[in-house]
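Novice: Quick one, what's the 3D model for this:
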Amino acid sequence: MSNIRAAFANGKAFIPFVTCGDPDLETTAKIVRAAAENGADLIELGIPFSDPTAEGPVIQGANIRALAGGVTTDKVFELVKELRKDVKIPFVFMTYANVVYSYDAERFMARCCEAGVDGIILPDLPYEEKGEFADVAKQYGVDLISMIAPTSEDRIAMIAKEASGFIYIVSSLGVTGERSEITTNIGDLVKLVRNNTDVPCAVGFGISKPEQAKAMAALSDGAIVGSAIIKLIEKHGKGAAKYVGEYVKEMKNAVIS
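Specialist: Presented below is the predicted three-dimensional model:
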């Protein structure tokens, strides 16, 4: 069993997202540790990118702040190596294909393996074009996480059958960001996934409140939250770890209740 699969082994998973380097890497380290200590089962670490096309204004802002602060991919790898001294839950990178391509895919995956990164999500990588990354990721034991959206429909079976780690189910069309309600029939998406694989699936995009997390986790294997956490970090800056920890604890309790 991969480390990522193990994160779902004890029930519903809560997965927070943070942008590395917002407001600085030292604060990111404190936030990651606070999230892990308060019940996060897996953490998505965003590598900042200048054109994060899947992100709404909240996470775009975090990317801009991190890049302005001098964060690089190499510095994020060093952050992960430092965190791995005491944080044992799985880490998954969330970034864009150009970041991996420009770094050199094999060098990138080798460093993931060395630093202790368990998987990677590339939201701008179509299923049909994943080959150049999937093979080298597998070579280094890194799960290339598949995404399934409401528009995937007749491609869901194909995507699910080749999935590894976990499947990221996109709850809504559009970019990341909080939503007052989620109207997509998540239950039908999950049913299609489960007809084709036993790889766990978690729902993200638009979740910010405990009741939303509970509802999405009831239909799937877990819930993913990004923008609501980035808003806390933007509000509290270098003192954000305490508030993120409290939020993660509340959301984790919601998904398992």
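
Novice: low pLDDT regions in the stretch 51-200 of the chain?
Specialist: Within the stretch 51-200 of the chain, the stretches with pLDDT under 70 are 54, 172-184.

Novice: From the centre of this protein, point out the most distant residue.
Specialist: When each C-alpha in the chain is compared with the mean C-alpha position (CA atoms, centre = their mean), Asp154 comes out farthest, at 24.4 Å.

Novice: Can you name every helix or strand that the top helix by length along the chain contacts?
Specialist: Of all the segments assigned as helix in the chain under DSSP state H, the longest by residue count is helix 240-256. Helices and strands touching helix 240-256, as assessed by 3 or more CB pairs under 8 Å, 6 or more residues apart in numbering; DSSP states H and E, comprise strand 13-19, helix 25-37, helix 210-219, strand 222-225, helix 227-236. Backbone N, C-alpha and C define where each C-beta goes, glycine included.

Novice: again, only this time at 6 Å
Specialist: Packing partners of helix 240-256 (3 or more CB pairs under 6 Å, 6 or more residues apart in numbering; DSSP states H and E): strand 13-19, helix 25-37, helix 210-219, helix 227-236.

Novice: quick one: buried residues of the second one?
Specialist: Neighbour counts over helix 25-37 (16 or more other CB atoms under 10 Å) mark 25, 27-36 as buried.

Novice: ditto for stretch 203-214
Specialist: Residues of stretch 203-214 classed as buried: 203-210, 212-214 (neighbour count, 16+ other CB under 10 Å).

Novice: Give the rounded mean pLDDT of that stretch.
Specialist: Summarised as a single mean, pLDDT over stretch 203-214 is 93.

Novice: Stretch 24-34 too?
Specialist: For stretch 24-34, mean pLDDT is 98.

Novice: Give me the contact list for that stretch.
Specialist: If you take CB atoms under 6 Å, 6 or more residues apart in numbering as the criterion, stretch 24-34 is touched by 18, 20, 43, 69, 79, 83, 238, 241, 244-245.

Novice: and if we set it to 8 Å?
Specialist: Among residues not part of stretch 24-34, those counted as contacts by CB atoms under 8 Å, 6 or more residues apart in numbering are 18-22, 43, 45, 69, 71, 75-76, 79, 82-83, 86-87, 233, 237-238, 240-242, 244-245, 248.

Novice: Restricted to buried residues, select these in ChimeraX.
Specialist: Burial among those is assessed by 16+ other CB under 10 Å; the matching ChimeraX selection reads:
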select :18,19,20,21,22,43,45,71,75,76,79,83,87,233,240,241,244,245,248
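
Novice: what about Tyr101, distance to Tyr127?
Specialist: Tyr101 is 17 Å from Tyr127, where distance means CB to CB, to the nearest Å.

Novice: do the same with Leu232
Specialist: The gap separating Leu232 from Tyr127 is 33 Å, by CB to CB.
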